[in-house]
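Turn this into a structure:
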Amino acid sequence: MQPYEEKTFTQYFLPYRELGVVKNASVDVLINLEKEGSKAIIKVYATSLQKNARVVLEGFLNETVDLSPENVYIRNVEVGDIPFSELELTILNSNDKQLISWHSEKNDNKPTPDAAKPALLPEEITKCRSWRYSFF
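Residues are numbered from 1 along each chain as shown. Model (predicted):
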């Protein structure tokens, strides 16, 4: 931070215990998407009344519902053997404006990066650049 610089943030605390592990969240909606066997489990929590919202699980579900903070929307959808990484969940408001969306990343086995190496001690540094500063 610089002198006189100020940083602020807002933190929201919401009662979303029934949602489980939140996959994506906005000020309006929190969502969770999981797959157990051949079923996708959709859970949606709205922070305010969202009348005629659409819950879309691409290729499997397109349902118009009223979302509210009083009830968590939960739906089990049969998706067969489609990989979890190909499922995409989108929530749209009554004007078809996207409130939130989420899809899983492919579970590629990426190599673990090497651990960071400690900095050298001053006596171990052989080459050093010299910097010149001019002051006016």
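
Might you report the residue contacts of Leu33?
Under the criterion of C-beta atoms under 8 Å, 6 or more residues apart in numbering, the contact partners of Leu33 comprise Lys23, Ala40, Ile41, Ile42, Lys43, Leu57, Leu87, Leu89, Trp102, Ser104. (C-beta placed from N, C-alpha, C; glycine too.)

what's near enough to touch the residue nearest the centre of the chain?
Note on the chain: the residue nearest the mean C-alpha position is Asn24, at 3.4 Å, using C-alpha atoms, centre = their mean. Shown in contact with Asn24 (C-beta under 8 Å, 6+ apart): Leu30, Ile31, Ile100, Ser101, Trp102.

can you rerun that using 7 Å?
Residues touching Asn24, when contacts are defined by C-beta atoms under 7 Å, 6 or more residues apart in numbering, comprise Ile31, Ile100, Trp102.

quick one on the thing from earlier: of the contacts of Leu33 - the most surrounded one?
Leu89 (25 neighbours; other C-beta atoms under 10 Å).

Chain neighbours aside, what residue packs nearest to it?
Of all residues beyond its chain neighbours, the one nearest Leu89 is Leu33 (4.6 Å), with distances taken as C-beta to C-beta, 6 or more residues apart in numbering.

Identify the bridge partners of Leu30.
Note on Leu30: beta-bridge partners Ala25, Tyr45, judged by DSSP bridges.

related to what we said a few turns ago, could I get the contacts of Asn24 as a markdown table with pLDDT and distance to Glu18?
Converted to a markdown table, the contacts of Asn24 look like this (pLDDT from 0 to 100; distance: C-beta to C-beta, whole Å):
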| residue | pLDDT | distance to Glu18 |
| --- | --- | --- |
| Ile31 | 96 | 13 |
| Ile100 | 97 | 18 |
| Trp102 | 96 | 18 |
